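Q: Sharing a sequence plus its predicted fold:
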Amino acid sequence: FGRECIIFRNYETALLQNKNIVDDFSEILSIKLENSNLWRNEGLSTEAISLLFHLNMVCPRIPTNKLLLSARNECARFFENEFPGKFRLPFDILEDHIDNADIEWLSKNSGIKFETKIPQLNQKNLTSDYSDYLKKFSITTHDKLKNYINSKYENEKNFKFDTYGYVSHIYFNFFHKEIVKSEQNTEFSASRYLELNPDVKAAGADPYRHYLLHGIREGRKT
């Protein structure tokens, strides 16, 4: 690893190959992509990434069940479309993880002047800080999720949900659509699921999240 192995490029869309970051990167590496026009550089908002973070806690990132995988992809697209914008990570989370030695190396080898106000590297757990930040929802995001769920589950508005519960419900809504499309139509009732599975009810678990995480795999009655 060294300077000779690194290519510095200004990120300006007009200067990119075909004005596309994927095409530009492929050109640099001499990689030919088929149907490259189908690829795009995705930028998600802070809210969308936070929701995907919670979705990863609700279901595996690569579900083995095809219907769950399709539902997960649809759920992710829903978050992207309903919560547009850019990702912003507060500087106070990043500032203690900026290495001045790296800044100096970049400035020296790229000819670009990088500046930082950080006097020294303070070893903290970035993963923990980052996770804590993503767990928080704005009131606007919370209300938008709540309104969406209320519009889909008219008969179960009395259930109280935490953040994971909201995400579980939205994920389940897309999962149910996939079931209907596959002609494996079956209605799901949260109250019935709890009655048929008293141990889940006794544990105070969210029925939707439990069913997605455990019920399908365990063959629970619905």
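A: Thanks, I have it. These numbers were taken from a predicted model, which means no experiment stands behind them.

Q: can we go C-alpha only for contacts and neighbour counts from here?
A: Noted.

Q: Contacts only, for L196.
A: Neighbouring residues of L196 by Cα atoms under 8 Å, 6 or more residues apart in numbering: K221, T222.

Q: for the one 4 residues further on, same thing?
A: Contacts of V200 were listed using Cα under 8 Å, 6+ apart, and they are L194, P207, H210.

Q: Identify, from these, the entry nearest to N10.
A: H210 (47.1 Å; Cα to Cα).

Q: And the pLDDT at that closest one?
A: Looking at H210, its pLDDT stands at 84.

Q: do Q17 as well
A: The model reports Q17 with a pLDDT of 81.

Q: ok, it - how many residues close by?
A: As a burial measure, Q17 scores 15 neighbours (other Cα atoms under 10 Å).

Q: and the closest residue to it other than its chain neighbours, how many residues sit next to it?
A: Nearest non-adjacent residue to Q17, counting by Cα to Cα, 6 or more residues apart in numbering: D24, 4.5 Å away. D24 has 17 neighbouring residues, counting by other Cα under 10 Å.

Q: I'd say D24 and L16 touch.
A: Yes. The criterion here is Cα atoms under 8 Å, and D24 meets it with L16 at 5.5 Å.

Q: For the closest residue to D129 other than its chain neighbours, pull up the helix or strand it's in.
A: The spatial neighbour of D129 that comes closest, neighbours along the chain excluded (Cα to Cα, 6+ apart), is I93 at 6.4 Å. Assigned by DSSP states H and E, I93 belongs to helix 91-94.

Q: tell me which strands and helices that helix is in contact with?
A: On a contact count with 3 or more Cα pairs under 8 Å, 6 or more residues apart in numbering; DSSP states H and E, helix 91-94 meets helix 126-134.

Q: pLDDT (mean, whole number) over the helix it packs on?
A: For helix 126-134, the mean pLDDT works out to 71.

Q: Look up which helix or strand R9 falls in, please.
A: If you go by DSSP H and E, R9 is not part of any helix or strand.

Q: what's the answer for F188, then?
A: Assigned by DSSP H and E, F188 falls outside every helix and strand.
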